[in-house]
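Trainee: Take this sequence and fold it.
(3 chains)
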Amino acid sequence: MSSDLLAGLNPEQLRAVTWPAKSALVLAGAGSGKTRVLTTRIAWLIQTGQISPAGVLAVTFTNKAAREMQARLAAMIPVNVKSMWIGTFHGLCNRLLRMHYRDAGLPQTFQILDMQDQLSAIKRLLKSLELSDEKFPPRSVQNFINGNKEAGQRASALGAHDFYGQKLIELYAAYDAQCRREGVVDFAELLLRSYELLSANQALCHHYRSRFRFILVDEFQDTNRLQYAWLRLLAGQDNAVFAVGDDDQSIYAFRGAEVGNMRSLLRDYSVEEAIRLEQNYRSVGTILKAANALIEHNDGRLGKNLWTEAGEGEEIRFYEASSDVDEAEFIVDEVRGLKREGMNLADIAVLYRSNAQSRALEHALVNAALAYRIYGGLRFFERQEIKHALAYLRLMDNPEDDNALLRVINLPARGIGARSVENLLNASRDGGTSVWQAACSAAGGRTAASLAKFVLLIEAMRERASGLTLAETVSLVIDDSGLRVMYEQDKKESEERLANLDELISAAAAFVPESQDQVLVEFLTSAALEAGEHQAEAGADALQLMTVHAAKGLEFDAVFASGLEEGLFPHENSMNDAKGLEEERRLMYVAVTRARQRLYLSCAQSRMLHGQTRYPIRSRFVDEVPSELLRVLSSQKPLVRPSVKAPWLEKKSQQPAVSVVDESMQGLHIGQSVTHAKFGLGVVVNAEGGAQDTRLQINFAEHGLKWLDLRYAKLQPA
DNA sequence: TGGGTCAGTCTTTTT
DNA sequence: GACTGACCCA
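Mentor: As a prediction, the model looks like this:
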């Protein structure tokens, strides 16, 4: 009967699926059927009696992927998929910590801080320690803490060479102490804490080791050091780690992912050779050729070449727009055309490097009345009204949660202003208590009628909520806290916010808890862990807009890779070191390999960014695609930059550029491509000075922005 | 205390 | 452009 399962697999897939009970590394190219391999292997292991469902530990990259894997398995074999441990690292660690909260030294109902919460916790800490956030930017403190946690390092294990470093370490320790006091745990802490739980607790570790004989990991290229260590710990000497990944699609180094884990796995688990899945079932030939050519430019790859039995397909279309607006309009036109040809909007994606780029697209789409869906930006559980409501819920569950308390203590305004809060914070710091306790004692005092009311409000809500369902509780909180009235009175955006609050009640009604006794905690946990993954879900027929990161693992009939400009894609923060640039290129590789049939590449000669206009030049990634694969669209805009008068010049009327008389520019103008003997190709982006001393600012492809004196710089129109 | 305005800042990607 | 923090005034 296992032949059913294995039917239709190609030889490499079959080899991977039926790999014996030892560790393996599967190098799975984009569109090579890796999800199928992974799920089929689990099904095969169960069907051949090598493991029971409860012995399965599978790690996915997103919660959505975990759900999909469960659904697929349920369709493949008749087992209770609930008994399997399938989830993200964070989800699995959360599960572990909830089950063994005592051993882990956590309160039973510990709450999870998302990045926002963590940041505000850090800001609060800095304030209480009277450290200026100029010297210690909360963001970098956050990075420091998370970076170290992801490397498995506690503050106590760190050493510093200088005063500043020492201070950071102290902050890290103080932050952890604060979290402990408040009963909260950040993302990285979930992992680190469960790692420590297992390594400190032999019996527990053994228990899980003997349970999970087979450990399967998807998107292995995006695991970080701590996750790798966690896997090693669980695998011990005897268990088999079956890791599936693609080093060419490693795009999360910025948050600690180590592609090197792939090589480490080969070494640490004595895997002789990786299994390569190179046959692609997704894209046509030209797209694969482009992807292969592009990724060739990276060094140190494990090596892999995608091929297909499908035909060559169409050429890749390239369009260089005059502006971001023009680019958006071009995309809209093409999407309309595709729709006329019968393509579903939902099978078309517009990808971009950063979320901010969606604005121009959105604008054009609204004008064109095309249905679209944007993934990214603010997620549901990150919206302020939702976070406010959740904060009340958290507070009811655990009043020691200072983060939650401070968020809503004066929201809606109830006469507890900045001054009172300050006093509370001081009292809590001096007394070594939570802010809640400080509020309780201060509420007894004479001046604190509003504080007393707040304390009573929370307690009353807690009492009234007992015995209610989750949805009823959420509804009660929204009403009794005054949030609903507050938004009803507030005209700005109130409709949407109220709708979101109602949506929260619906989400609570639809929530399926694992157990009956911790429903609220589970709900809050899932809100934090799944805050809204930026992954597309099937829905109405609408054009899909998302970042390239969010598109990982997805595929579309047609893909627009937009904003292919130096400084944007590759992003300026990453393009100056080799590693950063290679990650950008992998990102581009991911973008390209999302497309099944048709791929568009586009860039713009001018773009509004951060509220000002920039004149970027075409991304090097466009040039890394072999030109014979490209079809350049728009005849009046050849690959070489045109030297027509740029339309955006009019907009620059307040800019210094205007003070320059035309003659002084020797026939050059802003937006024009030029070459310089030393700096190479660039674009004139600004000008200043008078007729005698004109200086031009030029954005060079290789050397970035430079001011050059027109009298000396020998510039040639390109 | 609370609401308003304004200037200044920082913008890559996210489990 | 969006969000923050600072400042001012009722």
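Trainee: what about A:A155, neighbour count?
Mentor: 18 (other CB atoms under 10 Å). The way it works is simple: take the backbone N, C-alpha and C, and place the C-beta from them, glycine included.
Trainee: For it, report the pLDDT, please.
Mentor: Looking at A:A155, its pLDDT reads 94.
Trainee: One more: A:S199?
Mentor: pLDDT, read off for A:S199, is 95.
Trainee: Same check on A:V366?
Mentor: For A:V366, pLDDT reads 87.
Trainee: ditto for A:V548
Mentor: For A:V548, the model assigns a pLDDT of 94.
Trainee: residues contacting it?
Mentor: A:V548 makes contact with A:I251, A:L351, A:Y352, A:R353, A:A561, A:L587, A:M588, A:V590, A:A591, according to CB atoms under 8 Å, 6 or more residues apart in numbering.
Trainee: out of the residues you listed, which one sits closest to DNA strand C?
Mentor: A:Y352 (15.5 Å; CB to the nearest atom of the strand).
Trainee: And whichever residue of the stretch 51-200 of chain A sits closest to DNA strand B, how close does it get to DNA strand C?
Mentor: Here the stretch 51-200 of chain A gets closest to DNA strand B at one residue, A:T88, 3.7 Å apart by CB to the nearest atom of the strand. Counting by CB to the nearest atom of the strand, to the nearest Å, the gap from A:T88 to DNA strand C is 27 Å.
Trainee: Repeat that for A:Q672.
Mentor: From A:Q672 to DNA strand C the distance is 26 Å (CB to the nearest atom of the strand).
Trainee: is DNA strand B contacted by stretch A:428-448?
Mentor: No. Using CB under 7 Å from any atom of the strand, stretch A:428-448 stays clear of DNA strand B, with a minimum separation of 8.3 Å.
Trainee: Alpha carbons of that stretch, as CSV, please.
Mentor: The C-alpha trace of stretch A:428-448 is given here as CSV (Å, rounded to 0.1, in the frame of the first residue of the first chain):
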residue,chain,number,x,y,z
SER,A,428,7.4,50.2,41.9
ARG,A,429,11.1,50.6,41.4
ASP,A,430,11.8,51.7,44.9
GLY,A,431,9.5,49.1,46.4
GLY,A,432,10.7,46.3,44.1
THR,A,433,7.1,45.6,43.2
SER,A,434,5.1,45.4,40.0
VAL,A,435,3.4,48.6,38.8
TRP,A,436,0.1,46.9,39.6
GLN,A,437,1.1,46.5,43.2
ALA,A,438,2.3,50.0,43.3
ALA,A,439,-1.1,51.1,41.9
CYS,A,440,-2.9,49.0,44.5
SER,A,441,-1.1,50.6,47.4
ALA,A,442,-1.3,54.1,45.9
ALA,A,443,-5.0,53.6,45.3
GLY,A,444,-5.5,53.6,49.1
GLY,A,445,-4.0,57.1,49.3
ARG,A,446,-6.1,60.2,49.1
THR,A,447,-5.1,61.6,45.8
ALA,A,448,-5.7,58.5,43.9
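Trainee: Please compute how far that stretch lies from its chain's middle.
Mentor: 39 Å (CA atoms, centre = their mean, to the nearest Å).
Trainee: residues of that stretch that come out buried?
Mentor: Buried residues in stretch A:428-448, counting neighbours by 16 or more other CB atoms under 10 Å, are found at A:428, A:433-443, A:448.
Trainee: on that earlier part again, burial count for the residue of the stretch 51-200 of chain A closest to DNA strand B?
Mentor: 22.
Trainee: was I right about it contacting A:R67?
Mentor: No. Using CB atoms under 8 Å, A:T88 is not in contact with A:R67; the gap is 10.8 Å.
Trainee: So which bits of the stretch 601-718 of chain A are right by DNA strand C?
Mentor: Neighbours of DNA strand C within the stretch 601-718 of chain A, by CB under 7 Å from any atom of the strand: A:M608, A:H610, A:G611.
Trainee: Which of those has the largest number of neighbours?
Mentor: Busiest of those [other CB under 10 Å] is A:M608, holding 18 neighbours.
Trainee: For that residue, give me phi and psi.
Mentor: phi -80, psi 120 (degrees, to the nearest 10).
Trainee: That one bridge partners, please.
Mentor: Taking DSSP bridges, one obtains A:T613 as the residues bridged to A:M608.
Trainee: May I have the residues that are in contact with it?
Mentor: A:D324, A:A360, A:R614.
Trainee: what helix or strand is the second one on?
Mentor: Looking back up the chat, that one is A:A360. helix A:358-368 (DSSP states H and E).
Trainee: List the buried residues of that helix.
Mentor: A:S358, A:A360, A:L361, A:A364, A:L365.
Trainee: Tabulate those in CSV, adding columns for distance to DNA strand C.
Mentor: As requested, the buried residues of helix A:358-368 are exported to CSV (distance: CB to the nearest atom of the strand, whole Å):
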residue, distance to DNA strand C
A:S358, 11
A:A360, 9
A:L361, 13
A:A364, 13
A:L365, 15
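Trainee: can I get these in CSV with distance to A:D247?
Mentor: Output for those, formatted as CSV (distance: CB to CB, whole Å):
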residue, distance to A:D247
A:S358, 29
A:A360, 33
A:L361, 31
A:A364, 36
A:L365, 35
